[in-house]
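*Asks:* coords please:
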Amino acid sequence: MFNKRVFADYASTAPLSKEVLYVMHGAARLGNPSAIYKEGLEAKRILEVARVEIASALEVRKEEIYFTSGGTASNNLAIAGTIEARHAQGIPYDKIHVITTPIEHSSILECVREYQRRGVKVDFAEVNSEGIVSVESIKRKINSETVLVSVMYANNEIGTIQPIHEIGEMIRATKKEKGSTPIFHVDACQAPLFLSLVRENMRADLISLDGHKIYGPRGVGILFVKNGTKIRPILFGGGQEKGLRPTTENLSGIAGMACALSAAVKNREKFSARMKLLRDYFILETERRFPEAVLNGSREKRLQNNANFSFPWITDAEFAVISLDALGIACSTKSSCLIGEEESYVVKTLEPMNPWRAKTTLRFTFGAQNTKRDILIVVKNLEKLKQTLTKNVAVAKNT
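*Replies:* I've put the predicted structure just below:
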């Protein structure tokens, strides 16, 4: 019965939908959007149609949408572009202040740490044991030198959904109290399939999205930049995207991402309900069969497809992933971008007094191809894994 291979790592990447693949195939035949002959003009038309589609999903102006090579590129442009815009005005790095959280994606954290090395002041907002960012903590840390606040909409490891609207509202109100209004950046790469992307609800000035998290292509992303937001390019060499993100546009990728995002918005309610049923069934079965397991992140305020557990009988999470892979289960220990890291810094932040949890975590994220039967396959093989690992420990103790 349990011989089907199950993919349960949709947070790392979601396979291309057939609809997206069809759109991409058509766009791949077209010319360079910067060319002024017929093939180039047709490519330019497709590019702008995609821009309008994406703008519609966020309910923003099409000229506020900029195409990048992915979520990491969008996040880096948001962080570095904002800081460099202030630095270009003559403000030294050590007079620039940035606020983020300790559980952001590595493309945010590594970028701000690089600027820390250059002198930029960085503060990390408080996060509670469920992975919820404190709005009050951000408010207390904002000062006259704060130029940017960056908070992800939904965490890529533990699925926690942040109070983005409340943070955005608070930032808007800081001008009256503290004489400055920082730019607000939201990394929304994990959000489109489940959460509203309406910009006005988020109150964000910058929003990052990534194609391959939503059944779209890899190597393409977007950065929404609210009109009037001060940001500078971090790449140079062309005039594409009004000079903010110069490079020949990935036309097939852009067309595919627009198609994927439109589908995500259209199907969000139905898809979210189905994924929530699978997720809750998996959590129920896991906690019933493994009462010692600990669910990481908020039980209520989490993405509808995410279940992240720590299992005390795991001694090496990466070995557990490899063992499950051999049993036909694809899952992960943490973000796929954290190659070589032995533990989840996200889970470690939640429970610093229980370091075992960060070293024994498994992330299961479900998607369109999963069924209730898949859930039973996963938990059955988790039972097999536990039997193997506990047996190995017993043998080691007796030798």
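*Asks:* list the contacts for Val98?
*Replies:* By CB atoms under 8 Å, 6 or more residues apart in numbering, the contact list for Val98 reads 79, 83, 112, 115, 120-123, 146-150. Where C-beta positions appear, they are placed from N, C-alpha and C, glycine not excepted.
*Asks:* would you mind naming the residues that bridge with it?
*Replies:* Here Val98 sits in beta bridges with Val122, Leu148, going by DSSP bridges.
*Asks:* gap between it and Ala80?
*Replies:* 11 Å (CB to CB, to the nearest Å).
*Asks:* overlap in contacts, these two.
*Replies:* Tyr115.
*Asks:* okay, now the unreliable bits of the stretch 51-200 of the chain?
*Replies:* Residue ranges of the stretch 51-200 of the chain with pLDDT under 70: 175-179.
*Asks:* show me where it has its strands.
*Replies:* 65-68, 97-100, 121-124, 146-152, 183-187 (DSSP state E, counting those that start in this stretch).
*Asks:* and stretch 137-153, how far out from the chain's middle?
*Replies:* Taking CA atoms, centre = their mean, to the nearest Å, the mean C-alpha location of stretch 137-153 is offset from the chain mean by 20 Å.
*Asks:* give me whichever of the strands of the stretch 51-200 of the chain is most buried.
*Replies:* strand 183-187 (a mean of 28; mean count of other CB atoms under 10 Å).
*Asks:* packing partners of that one?
*Replies:* Applying 3 or more CB pairs under 8 Å, 6 or more residues apart in numbering; DSSP states H and E, one finds that strand 183-187 contacts helix 71-88, strand 146-152, helix 164-178, strand 206-210.
*Asks:* restrict the shortest one to CA atoms and write it as CSV.
*Replies:* Same thing as strand 206-210. The C-alpha coordinates for strand 206-210 follow below in CSV (Å, rounded to 0.1, in the frame of the first residue of the first chain):
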residue,chain,number,x,y,z
LEU,A,206,8.1,47.4,-1.3
ILE,A,207,6.8,43.8,-1.9
SER,A,208,8.9,40.8,-3.0
LEU,A,209,7.4,37.9,-4.9
ASP,A,210,8.9,34.7,-6.4
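*Asks:* buried stuff in that strand?
*Replies:* 206-210 (16 or more other CB atoms under 10 Å).
*Asks:* can you put the helices and strands packed on strand 183-187 in a markdown table and add distance to Leu350?
*Replies:* Shown next, in a markdown table, are those (distance: least, CB to CB, whole Å):
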| stretch | distance to Leu350 |
| --- | --- |
| helix 71-88 | 22 |
| strand 146-152 | 15 |
| helix 164-178 | 19 |
| strand 206-210 | 23 |
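*Asks:* just name the most buried of those.
*Replies:* Across the helices and strands packed on strand 183-187, averaging neighbours per residue (mean count of other CB under 10 Å) puts strand 206-210 on top, at a mean of 29.
*Asks:* in the stretch 251-399 of the chain, what spans have low per-residue confidence?
*Replies:* Looking at the stretch 251-399 of the chain by pLDDT under 70, you get 335-341, 392-399.
*Asks:* which residues touch stretch 120-137?
*Replies:* Contacts for stretch 120-137 (CB under 8 Å, 6+ apart): 83, 93-94, 96-103, 112-113, 115-116, 138, 141, 145, 151, 155, 158, 160, 162-163, 166-167, 170, 296-299, 301, 346, 349-351.
*Asks:* how about 6 Å then?
*Replies:* Stretch 120-137 is contacted from outside by 93, 96-99, 101-103, 112, 116, 138, 141, 151, 155, 158, 160, 162-163, 166-167, 170, 297-298, 349-350, using CB atoms under 6 Å, 6 or more residues apart in numbering.
*Asks:* do the same with stretch 316-323
*Replies:* Against stretch 316-323 from outside (CB under 6 Å, 6+ apart): 314, 333, 360, 385.
*Asks:* most neighbours among the residues you listed, which one is it?
*Replies:* Thr333 (26 neighbours; other CB atoms under 10 Å).
*Asks:* any idea how far Arg172 is from that residue?
*Replies:* For Thr333 relative to Arg172 (CB to CB), the value is 38 Å.
*Asks:* now swap in Val378 and tell me
*Replies:* 43 Å.
*Asks:* do the same with Glu241
*Replies:* For Glu241, the distance to Arg172 (CB to CB) stands at 27 Å.
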